[in-house]
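Participant: predicted model, plus sequence, below.
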Amino acid sequence: MVNEPKNALPETIAQRYRRLRAEVPPNVAIVAVTKFQPLEAVLEAIAAGVTDVGENYVQEARSKFAAAGDVRKHFIGHIQTNKAKAIAATFDVVQSVDRVEAAAALDKAAASVGKRLPVLLQINISPAERFGCDPERAPRLAEELRTFEHLQFEGVMAIGPISSERADIQRAFDLAQRVHRSVGGSTLSIGMSGDWAEAVAAGSTMIRVGSTIFGPRPARPASKNAAT
């Protein structure tokens, strides 16, 4: 490995994003995951061309999105039904619907704020992941999601396995692709900073990346509540 010159400057957020955008096929959307990132970093990414941002926590999202301008805002955290109205009011897309109770709460919330909310069905393709619908149940849940008047079903989201074995990651993403084909929709949201290449190879139409754009994630603020 060649050592970096001592006077070399670190890459900026804009440089990292533009390099990633050049590497990812143009038909694949990039969602910049801004979890725990300061507002200044988020604004730098948007100035560099980021058009989609993703957040796990409603409160954190509200404080950033007020200054974020015209970007598409994705909720990618676990849905607590008592937070549904705040989620529907704050976000443009909800990627993590994994049960009908969450869908019903979001449908009611979307109606109350006067919008039709695009949603993705989250499936579980990783033994380390706590949330997500069983892939075998996905067709049935997709049918149910399509019955809600104020939700717009757009496809599938999944989180890949935590593994150094690229073959394991590829198999999981291939499963996500098969589920996506079976349930329909325009979006297959798979792939993060460490596995987006495998995701794209499996047919991903949207990747969700944080550290590839922003660098190492800052430590979780001590005052951050674990709830959304």
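Facilitator: Looks like it came in fine. Numbering: from 1, shown residues only.
Participant: where in this structure is pLDDT low?
Facilitator: 1-9, 221-228 (pLDDT under 70).
Participant: just the helices in it please.
Facilitator: Under the criterion DSSP state H, the chain contains helices at 13-23, 39-47, 58-65, 84-90, 100-112, 138-145, 166-183, 196-201, 211-214.
Participant: with mean neighbour count as extra columns, can I get these in a markdown table?
Facilitator: No exception for glycine: its C-beta is placed from N, CA and C like everyone else's. Converted to a markdown table, those look like this (neighbours: other C-beta atoms under 10 Å):
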| stretch | mean neighbour count |
| --- | --- |
| helix 13-23 | 16 |
| helix 39-47 | 17 |
| helix 58-65 | 17 |
| helix 84-90 | 20 |
| helix 100-112 | 19 |
| helix 138-145 | 18 |
| helix 166-183 | 18 |
| helix 196-201 | 20 |
| helix 211-214 | 21 |
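Participant: out of those helices, which gets nearest to His78?
Facilitator: Distance to His78, taken as C-beta to C-beta, is lowest for helix 100-112 among the helices of the chain, at 8.8 Å.
Participant: that older thread, got JSON lines for the helices of the chain, with distance to Glu154 too?
Facilitator: Shown next, in JSON lines, are these (distance: least, C-beta to C-beta, whole Å):
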{"stretch": "helix 13-23", "distance to Glu154": "22"}
{"stretch": "helix 39-47", "distance to Glu154": "23"}
{"stretch": "helix 58-65", "distance to Glu154": "20"}
{"stretch": "helix 84-90", "distance to Glu154": "15"}
{"stretch": "helix 100-112", "distance to Glu154": "13"}
{"stretch": "helix 138-145", "distance to Glu154": "10"}
{"stretch": "helix 166-183", "distance to Glu154": "11"}
{"stretch": "helix 196-201", "distance to Glu154": "17"}
{"stretch": "helix 211-214", "distance to Glu154": "23"}
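Participant: Arg220 is nearest to which of those helices?
Facilitator: That would be helix 58-65 among the helices of the chain, by C-beta to C-beta, at 10.5 Å.
Participant: ok, residues contacting the closest one?
Facilitator: 34-36, 39, 42, 53, 55, 73, 75, 83, 86-87, 90-91, 224-225, 228 (C-beta atoms under 8 Å, 6 or more residues apart in numbering).
Participant: just stretch 209-219 next, same as before
Facilitator: Stretch 209-219 has contacts (C-beta under 8 Å, 6+ apart) with 10, 13, 16-17, 20, 30-38, 41, 45, 50, 191-193, 196.
Participant: stretch 126-146 too?
Facilitator: 78, 96-100, 103, 119, 121-125, 151, 153, 156, 158-162, 172, 175-176, 179, 182-185.
Participant: can you say which of these are buried?
Facilitator: 78, 96-99, 103, 119, 121-125, 151, 153, 156, 158-161, 172, 175-176, 179, 183, 185 (16 or more other C-beta atoms under 10 Å).
Participant: take those and keep only those in strands.
Facilitator: The strands, defined by DSSP state E, take in 96-97, 119, 121-123, 151, 153, 156, 158 from the buried ones among the contacts of stretch 126-146.
Participant: in a markdown table, list the residues you listed along with distance to Ala167.
Facilitator: Output for these, formatted as a markdown table (distance: C-beta to C-beta, whole Å):
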| residue | distance to Ala167 |
| --- | --- |
| Ser96 | 27 |
| Val97 | 29 |
| Val119 | 31 |
| Leu121 | 26 |
| Gln122 | 23 |
| Ile123 | 20 |
| Leu151 | 36 |
| Phe153 | 31 |
| Val156 | 21 |
| Ala158 | 17 |
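Participant: right, I'll leave it there.
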